[in-house]
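Novice: model this:
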Amino acid sequence: MDKKITPKDKINGNIKVPGDKSISHRALILGAIAEGITEIEGFLPGEDCLVTINCLQKLGVEIEHSGDAVRIYGVGLHGLQKPKNTLYVGNSGTTMRLLAGLLAGQSFDTVLDGDASIRKRPMDRVIQPLSQMGAKISGNRAPVVIEGTKLRGMSYKMPINSAQVKSAILLAALYAQGETMVEELEPGATRNHTEKMMAHMGICLDISGKIIRYMGGKPRGCGVLVSGDFSSAAFFIVLGVLAAKDGLVIENVGINPTRIGLLDALRQMGADIAINNRKMLGNEEVGDIYVRQSVLEAIELKGGIVPRMIDEIPIFAVASLFAKGTTVISDAGELAIKESNRIVAMSSELAKMGAKIEPRHDGMVIYGGTTLSGAVVDSYNDHRVAMALAIAATVANGQSTIKNARCVDISFPGFFQILDSF
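Specialist: Numbering: from 1, shown residues only. The predicted structure is shown next:
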């Protein structure tokens, strides 16, 4: 599906974004192996999360799903069953990596496979630590064969901060003999939704700074309320900063400190942003994010803030085009192994609109003060690239067309309906 985007003159009002993708994945997986029933409200019915449901059902878990409500009949820690067929994860790297940790300690073998994008994404960063726990996994890229076996606890200092790797290890730790400890790198912190969801379901973790220890316990079924996804809200946060003269409010968004690096970066640039109506939803903090059109100054983005906004860098690149001066992004080599090479994708497609961007191996140099013009651009079948380009097109001169725009449904079904409502 191609999508035509016409520039908007008036951006304002109050909007809501769908539930958090990361929290939805984790609630599904931990709910599947919990004792008792887990009921999720605010679930994200995007394609990535739906493939996680499908995989868990193939593992013998009964799951009822209607819109943003999900009921999971947990089978307990040792109740998963050998699937009859390969588990297909579609485009979801989170499903692939977290299930690798879950399945490594089972009593049966499993094959994980995905689409063409997943087959290009390396698995060694997950396989290496799981192998230290005794896991038997073959194939650095999908399809990956996991031979279920007994695992042992370990102490692991992560060479590269990754929430997916950390989560895979913590899930494997539930099946390992002995203590498991994971230590993240300084500086920076990856998203901690797995730790929060584990604690919410009764699993005992000892967290001291960058060190996380699994201390025992099994997940128990419970209620889970999912906040609005900050990574989805990010596109409209930037749109508001660029074009909302009278202000824009995105309601009920998760504001977990490990996720909101984009807010810090935009504030450094001079953006007018406020968080109102703060409250706790389950084990996560949420709030209403208010943004208004602002004059931006270029910054240098590097170091510890980068892991806290790695998924938001495509839309941050769009914001940087409207800042005074030159923005330099570094320490973001992770972008090259996402659903697409986002460094290449954003540099090449924004250039078609008149942007001047120099790609680098770990980021990009963005020259601000550019006037964007409508163009035909390609999403690279990457949902975050597609949405970032849509926001750029909304503030450009002239109509644009985004090719292969349907991929936004991976994480944000309804994105274009909200954008078209302005």
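Novice: can you tell me what sits against stretch 264-275?
Specialist: 237-238, 241, 255, 263, 287-299, 301, 305, 308-309, 316, 319-320, 323 (C-beta atoms under 8 Å, 6 or more residues apart in numbering). C-betas here are computed from N, CA, C, even on glycine.
Novice: and those, which are buried?
Specialist: By neighbour count, with 16 or more other C-beta atoms under 10 Å, these hold 237-238, 241, 255, 263, 287-294, 296, 298-299, 301, 305, 308-309, 316, 319-320, 323 as buried.
Novice: separation between residue 160 and residue 320?
Specialist: 24 Å (C-beta to C-beta, to the nearest Å).
Novice: buried sites along stretch 28-39?
Specialist: Quick answer for stretch 28-39 (16+ other C-beta under 10 Å): 28-35, 37-39.
Novice: I should have written stretch 369-389 there, sorry.
Specialist: 370, 372, 374-375, 377-389.
Novice: just the ones of those in strands?
Specialist: Residues of the buried residues of stretch 369-389 located in strands (DSSP state E): 377-378.
Novice: could you pull out the strands in the stretch 101-250 of the chain for me?
Specialist: 109-113, 136-138, 144-147, 151-152, 155-157, 176-177, 180-183, 204-208, 211-216, 223-225, 248-254 (DSSP state E, counting those that start in this stretch).
Novice: out of the ones you listed, which comes closest to residue 51?
Specialist: Nearest of the strands of the stretch 101-250 of the chain to residue 51, taken as C-beta to C-beta: strand 109-113 at 10.9 Å.
Novice: packing partners for that closest one?
Specialist: strand 87-88, helix 93-103, strand 144-147 (3 or more C-beta pairs under 8 Å, 6 or more residues apart in numbering; DSSP states H and E).
Novice: that strand pairs with which strands?
Specialist: Sheet pairing here is set by DSSP bridges, and for strand 109-113 it gives strand 87-88 (parallel), strand 144-147 (antiparallel).
Novice: possible to save the ones you listed as CSV with mean neighbour count, mean pLDDT and distance to residue 59?
Specialist: Converted to CSV, those look like this (neighbours: other C-beta atoms under 10 Å; pLDDT from 0 to 100; distance: least, C-beta to C-beta, whole Å):
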stretch, mean neighbour count, mean pLDDT, distance to residue 59
strand 87-88, 22, 98, 8
strand 144-147, 20, 97, 12
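Novice: of all these, which one is nearest residue 226?
Specialist: strand 87-88 (23.4 Å).
Novice: end to end, how far does stretch 82-100 reach?
Specialist: 14 Å (C-alpha to C-alpha, to the nearest Å).
Novice: what about it, distance to the chain center?
Specialist: 16 Å (C-alpha atoms, centre = their mean, to the nearest Å).
Novice: mind listing what's buried in it?
Specialist: Neighbour count says stretch 82-100 has 83, 86-100 buried, by 16+ other C-beta under 10 Å.
Novice: out of these, which one sits closest to residue 230?
Specialist: Among the buried residues of stretch 82-100, and counting by C-beta to C-beta, the member closest to residue 230 is residue 94, at 15.3 Å.
Novice: mind checking which helix or strand the residue nearest to the closest one when sequence neighbours are not counted is in?
Specialist: Once flanking residues are discounted, residue 94 sits nearest to residue 25: 5.1 Å by C-beta to C-beta, 6 or more residues apart in numbering. According to DSSP states H and E, residue 25 maps onto helix 21-32.
Novice: what lies in contact with the following helix or strand past that helix?
Specialist: Downstream of helix 21-32, the next assigned helix or strand under DSSP H and E is strand 35-41. Strand 35-41 has contacts (C-beta under 8 Å, 6+ apart) with 24, 27-28, 30-31, 68-74, 76-77, 201, 218-226.
Novice: now for the next helix-or-strand element following strand 35-41, which elements pack on it?
Specialist: Moving toward the C-terminus from strand 35-41, the next helix or strand (DSSP H and E) is helix 47-58. Judged by 3+ C-beta pairs under 8 Å, 6+ apart, helix 47-58 is in contact with helix 21-32, strand 62-66, strand 87-88, helix 93-103.
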